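Asker: Just the structure for this:
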Amino acid sequence: MSVVDAGSAANAFISGMLDKALNDLYVSFPCKVISFDRVNCKAVVQPLVRAGDMQPAVIQNVPMLGQKSTVREHELTIIDNGVERTVTVKEHDLIGIPNVMAGDIVLVVCADVEIKNTLSGQIASPDSKRRHSKNDAVIVGVLPWSLLN
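Answerer: A predicted model of the protein is given here:
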């Protein structure tokens, strides 16, 4: 008859729970774009980091960040056919719509909590208690090696 040390069993149980919790916590990781819906700015991505023996699952409907900026008014001096002129460029908004393609490598971050209810731009409570889930992934940009190809 073997005797089980209660302290060792509790330690193994707690260590297992912590390992499971940490393995299910996602912050950011590189992904390959499988497809991109430019109208909705959402992609299907394949994570490139393997955590075990299995291939990581494809993530569907991952929104991609765009960019908004304002170009300020400034004066520009040009010479046209030997005539020097000053042109004033007025302020205007510039909207950068993402344009990624299949095969591009992007960086994905996972929100602290479920973001589904906030996508309308309103303050909302999450429907679940999930934290740092792949279900709340957002593409924040294209990694440099995809920009150069």
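
Asker: right, and Pro126 touches Val113 too?
Answerer: Yes. Using CB atoms under 8 Å, Pro126 makes contact with Val113 at a distance of 4.9 Å. C-beta here means a position set from N, CA and C on the backbone, and glycine is covered the same way.

Asker: The protein: strands as residue ranges?
Answerer: With DSSP state E, the ranges of strands along the chain come out as 28-37, 42-47, 59-63, 67-71, 74-80, 83-89, 92-96, 105-110, 137-142.

Asker: Need the ones you listed in JSON lines (columns: mean pLDDT and distance to Ala10).
Answerer: Shown next, in JSON lines, are the strands of the chain (pLDDT from 0 to 100; distance: least, CB to CB, whole Å):
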{"stretch": "strand 28-37", "mean pLDDT": "96", "distance to Ala10": "33"}
{"stretch": "strand 42-47", "mean pLDDT": "97", "distance to Ala10": "34"}
{"stretch": "strand 59-63", "mean pLDDT": "96", "distance to Ala10": "36"}
{"stretch": "strand 67-71", "mean pLDDT": "87", "distance to Ala10": "51"}
{"stretch": "strand 74-80", "mean pLDDT": "83", "distance to Ala10": "68"}
{"stretch": "strand 83-89", "mean pLDDT": "84", "distance to Ala10": "70"}
{"stretch": "strand 92-96", "mean pLDDT": "87", "distance to Ala10": "53"}
{"stretch": "strand 105-110", "mean pLDDT": "96", "distance to Ala10": "31"}
{"stretch": "strand 137-142", "mean pLDDT": "95", "distance to Ala10": "35"}
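
Asker: Those: which one's closest to Ser120?
Answerer: Nearest to Ser120, of all those, is strand 59-63, at 12.9 Å by CB to CB.

Asker: what's the angle from the closest one to strand 105-110?
Answerer: Per axes from the mean of the first three to the mean of the last three CA atoms, to 10 degrees, the angle that strand 59-63 makes with strand 105-110 is 90 degrees.

Asker: Tell me the strands beside strand 59-63, with direction?
Answerer: strand 42-47 (antiparallel) (DSSP bridges).

Asker: What separation is there between Trp145 and Glu84?
Answerer: Distance, Trp145 to Glu84, using CB to CB, to the nearest Å: 44 Å.

Asker: what's the answer for Arg38, then?
Answerer: Note on Arg38: its distance to Glu84, by CB to CB, is 42 Å.

Asker: go on, Gln122?
Answerer: For Gln122 relative to Glu84 (CB to CB), the value is 53 Å.
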